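Asks: what would the 3D arrangement of this be:
(chains A and B, ligands or ions: 1)
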Amino acid sequence: MNCNEIQKLINTQELSQENNELIEIHIKSCVSCKNYYKLVHGLVKNPQHIWDEIEIPQNFANNIENFVFENSSYALRIPMWLKITSAAAAIVLGLFIGSTVYDSRVSAQNTNSYSYIETNDNLYMAETTEIMYYSTIIETEGE
Amino acid sequence: MDIAAIKKGDKKAFRVLIDSTHRDVYRLAYRFTSNNDDSQDIAQEVFLDAWRNIDKFREEADIKTWLYRITVNKSLNLIKRNKNKFSSFSISDSGETESTSFQIAAPTSYSADKPLHNKELRNSLKRALESIPDNQRTAFLLFNSEGLTYNQIAEVMETTLGAVESLIFRAKANLRKILAEVHKQFSESTQVFK
Ligand SMILES: [Zn+2]
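Replies: Numbers count the residues shown, from 1 in each chain, chains lettered A, B, ... in the order given. Got it, this is the predicted structure:
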């Protein structure tokens, strides 16, 4: 068998034992086809042995821990129950303040005085907490 | 792993999670980026996101799968941002090559009559992987580098088992096609590639 025929055999997804033997005999004396076999068959079918050893940077777990806790302010790490409770409290307080403003305006009509009540933005902090979703970037194809 | 404690804001419990998973996160990021600094940045960001969003993690799921998902997304996003630095050759989702001129940086010194060594094979595979669609590369790496089962890959990629099988099958077919072409070009030329 010549090199072209051998390489066509190597392209076969599942090699029969007979073809495997033909290839093995050929690549013993043909470096080019041996390279082809390594690249096209071995590398794709079983690349486990090929990956380089990865060295984890020194103190990496410490670095990650520091990075996480230095970059996550308390506001971003409010537990869900607290967010819900705060939101509910904000609504109740908003209603209370709203009704107080209304009452004071009604009484101001009588006394010709005006009161201005400043709402506290912090009450709404929970609503602005960043929400991140990991919607998959990997689209399933052929569906 | 005490996920409930992490959800309550227990930093020690989170450190246990970091200790037990940071190697896997870093390694997967490295498989995508082939760059130490990028992989470190990605791993740090992955854990920061995990800490910030642990509320959204369902405890019955596998936390490692969740971390892998974040790692894949961050790695692919970074690659997208750096795209100009990467090979201009790519293969489309349909498996058709979009360019006939290969720009795959190949074995450092390849000639048809010289046996290929592991380092050269590795570089060829890395370059070929950069040229296949993101989802095929992801499935291939999760299976062949991380040793995940098809079921676990489906969970990471939020897809079906059948889709994973198909992705890996097509990844292999495309890699074969690209690597065969690489071999052909090097066999035809005695040029030394860098
Ligand atoms: Zn031959």
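Asks: quickly find the element holding the closest residue in space to B:Phe14 that isn't next to it in sequence.
Replies: Among residues not flanking B:Phe14 along the chain, B:Ile6 sits closest, at 5.0 Å (Cβ to Cβ, 6 or more residues apart in numbering or on different chains). (C-beta placed from N, C-alpha, C; glycine too.) B:Ile6 is part of helix B:3-7, with elements assigned from DSSP states H and E.
Asks: what helices or strands is that helix leaning on?
Replies: helix B:11-33 (3 or more Cβ pairs under 8 Å, 6 or more residues apart in numbering or on different chains; DSSP states H and E).
Asks: then whichever helix or strand comes after the helix it packs on to CSV, C-alphas only?
Replies: Where DSSP H and E defines the elements, the next helix or strand beyond helix B:11-33 is helix B:36-53. Coordinates of each C-alpha in helix B:36-53 appear next as CSV, following Å, rounded to 0.1, in the frame of the first residue of the first chain:
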residue,chain,number,x,y,z
ASN,B,36,-0.9,31.9,32.5
ASP,B,37,-1.9,35.5,33.3
ASP,B,38,-5.3,35.2,31.5
SER,B,39,-6.0,31.9,33.3
GLN,B,40,-5.2,33.5,36.7
ASP,B,41,-7.5,36.5,35.9
ILE,B,42,-10.3,34.2,34.7
ALA,B,43,-10.0,32.0,37.8
GLN,B,44,-10.1,35.0,40.2
GLU,B,45,-13.2,36.4,38.3
VAL,B,46,-14.9,33.0,38.4
PHE,B,47,-14.7,32.8,42.2
LEU,B,48,-15.7,36.4,42.6
ASP,B,49,-18.8,35.8,40.5
ALA,B,50,-19.4,32.6,42.4
TRP,B,51,-19.3,34.5,45.7
ARG,B,52,-21.5,37.2,44.5
ASN,B,53,-24.1,34.9,42.9
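Asks: what lies in contact with helix B:36-53?
Replies: Here helix B:36-53 makes contact (Cβ atoms under 8 Å, 6 or more residues apart in numbering or on different chains) with A:57, A:60, A:63-64, A:67-69, A:71-72, A:76-77, A:130, A:132, B:6, B:14, B:17-18, B:22, B:25-26, B:29-30, B:33, B:57, B:66-67, B:70-71, B:74-75, B:78.
Asks: show me the helices in chain A, by range?
Replies: With DSSP state H, the ranges of helices along chain A come out as A:3-11, A:17-29, A:31-36, A:43-45, A:60-71, A:80-111, A:125-128.
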